[in-house]
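In: Sequence below, structure please.
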Amino acid sequence: MSKVKNNIAILGAGGIATKMAATLQQMKDVNCYAVAARDLQRAQAFAKEWGFKHAYGSYEEMVADPEIDLVYVATPHSHHYEHARLCILHGKAVLCEKAFTANAREAESLLQLAKEQQVYIAEAIWTRYMPFSTTIRELAHSGIIGKPDMLTASLGYPVANKERIAKPELCGGALLDLGVYPINFARMVFGTDIADIQSHCVKNEYGVDIQESISFRYADGKMAALQATVSCANNRQGIISGDKGYIIVDNINNPHQAAIYNADHQLVKIYDCPPQISGYEYEVQACIDDLRKGKLEPTAMPHAETLAIMRLLDQLRAEWGVVYPADHGATI
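Out: Reported below is the predicted structural model:
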């Protein structure tokens, strides 16, 4: 018989871990069970602030705790493979923050290990799990804007000077941190039958991408124009255009509103997302539900899609000459 609540642990105690902890506090199916950082005092301070029962000064010690049901990996991209692998080898289900790994080779290895060990793993690309994302996709294909043929999506924050963004050794750059959102938005709305990809990027002094423009041409003639930048703020909008109108999504990173306009640019209707804690709760709840059903991967973000996107990111980086140390390392 399933527990009433699942014991959730967070591996890492940085900014994204804080946002997740604030969300977990308010979820009814969750026990804020444990947190681990490389520094015990930091983990203890985090646990005290957010109401976690246990604090660990090493990741290895935490994943050895038999009471943990699910580990949320909240470390930099460069460490996702190592830390998710550690969880899997200890039989712990994993919700790994996006981008899933540094590259597709690491992703393949991790997913294969999870399959062999029969351990659940999911990529924490939160927009994939949001009910409102499904609403947006359904609206796009409902006929309300006619036949959808063009999509634009952009995301930008002025965070270029943050170390995790600036440095190749942390798998920095705009693509893995922000570019995944326009890419996922396009694939959620228009699908995966992409016939051609064209792109441009600008790099910083360390050789990582700080802004990029990516164009998808679909086999059926649809197009998606995508932008990501860590150099400046932008409107974060997604716009889906058809022959009878268009949909403006207010924020592809956490959509709260979809406004429908007709071909004469008149507002027809506004759809609002349902009340939510932060938006992070949906990916956690999906994992809890999947674990209770004995599943090994999420329906909203199947392993094949995670791997396809990692290969796409590799392809773009190869064209731009953006290289991470992890690209040369041997995967364990």
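In: Pull the number of nearby residues for the spatially closest residue to Leu70 that is not a sequence neighbour.
Out: Closest residue to Leu70 apart from its sequence neighbours, by Cβ to Cβ, 6 or more residues apart in numbering: Ala93 at 4.7 Å. Any C-beta I mention is one placed from the backbone N, CA and C, and that applies to glycine too. Ala93: 22 surrounding residues under other Cβ atoms under 10 Å.
In: go on, the one 3 residues further on?
Out: Here the number of neighbours of Cys96 (other Cβ under 10 Å) works out to 26.
In: now swap in Tyr206 and tell me
Out: Neighbourhood size, Tyr206 [other Cβ under 10 Å]: 13.
In: ok, the residue nearest to Ile197 when sequence neighbours are not counted to Ile10 distance?
Out: Take Ile197 and drop its neighbours on the chain: the residue closest to it by Cβ to Cβ, 6+ apart is Phe216, 5.9 Å away. Using Cβ to Cβ, to the nearest Å, one obtains 34 Å as the distance from Phe216 to Ile10.
In: which of those two has more neighbours?
Out: The neighbour comparison of Phe216 against Ile10 (other Cβ under 10 Å) goes to Ile10, with 30 against 24.
In: Just the buried residues of stretch 186-200, please?
Out: Using 16 or more other Cβ atoms under 10 Å as the test for burial, stretch 186-200 gives Ala186, Arg187, Met188, Val189, Phe190, Ile194, Ile197, Ser199.
In: so the closest residue to Pro298 other than its chain neighbours bridges to which residues?
Out: Leaving aside its sequence neighbours, Pro298 sits nearest to Ala122 (Cβ to Cβ, 6+ apart; 4.4 Å). Beta-bridge pairing of Ala122 under DSSP bridges involves Leu95.
In: What mean pLDDT does stretch 288-296 get?
Out: Mean pLDDT, stretch 288-296: 97.
In: Residues contacting it, please?
Out: 2, 6, 29-30, 69-70, 93, 114-115, 118-122, 297-299 (Cβ atoms under 8 Å, 6 or more residues apart in numbering).
In: Tabulate the CA atom coordinates of that stretch in CSV.
Out: Below are the C-alpha coordinates for stretch 288-296, written out as CSV (Å, rounded to 0.1, in the frame of the first residue of the first chain):
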residue,chain,number,x,y,z
ILE,A,288,5.0,10.8,-7.2
ASP,A,289,2.1,9.5,-9.3
ASP,A,290,4.4,7.6,-11.6
LEU,A,291,6.2,5.9,-8.7
ARG,A,292,2.9,4.8,-7.2
LYS,A,293,2.1,3.2,-10.5
GLY,A,294,5.4,1.5,-10.8
LYS,A,295,6.5,3.5,-13.9
LEU,A,296,10.1,4.2,-14.8
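In: where does that stretch sit relative to the chain's centre, distance-wise?
Out: In terms of Cα atoms, centre = their mean, to the nearest Å, the centre of stretch 288-296 is found 20 Å from the chain centre.
In: Any buried residues in it, and which?
Out: By neighbour count with 16+ other Cβ under 10 Å, stretch 288-296 contains the buried residues Ile288, Asp290, Leu291, Leu296.
In: swap in stretch 72-88?
Out: Neighbour-count burial for stretch 72-88 flags 72-88 (criterion: 16+ other Cβ under 10 Å).
In: likewise stretch 99-117?
Out: Across stretch 99-117, burial judged by 16+ other Cβ under 10 Å covers 99-108, 110-111, 113-114.
In: what's the answer for stretch 144-159, then?
Out: Ile144, Ile145, Pro148, Asp149, Leu151, Thr152, Ala153, Ser154, Leu155, Gly156, Tyr157, Val159.
In: likewise stretch 222-242?
Out: Across stretch 222-242, burial judged by 16+ other Cβ under 10 Å covers 222-231, 236-242.
In: what about Glu61, distance to Ile8?
Out: Glu61 sits at a distance of 17 Å from Ile8 (criterion: Cβ to Cβ).
In: With Gln315 instead?
Out: Taken as Cβ to Cβ, the span from Gln315 to Ile8 is 34 Å.
In: Look at these two and report which has more neighbours.
Out: Ile8 (27 against 13).
In: Confirm that that one sits in a strand.
Out: Yes - assessed by DSSP: H, G, I helix; E, B strand; the rest coil, Ile8 belongs to a strand.
In: Run a quick neighbour tally on Lys98.
Out: Residues contacting Lys98 under the criterion other Cβ under 10 Å number 23.
In: Apart from its chain neighbours, what residue comes closest to it?
Out: The spatially closest residue to Lys98, leaving aside those adjacent along the chain, is Ile125, at 4.3 Å (Cβ to Cβ, 6+ apart).
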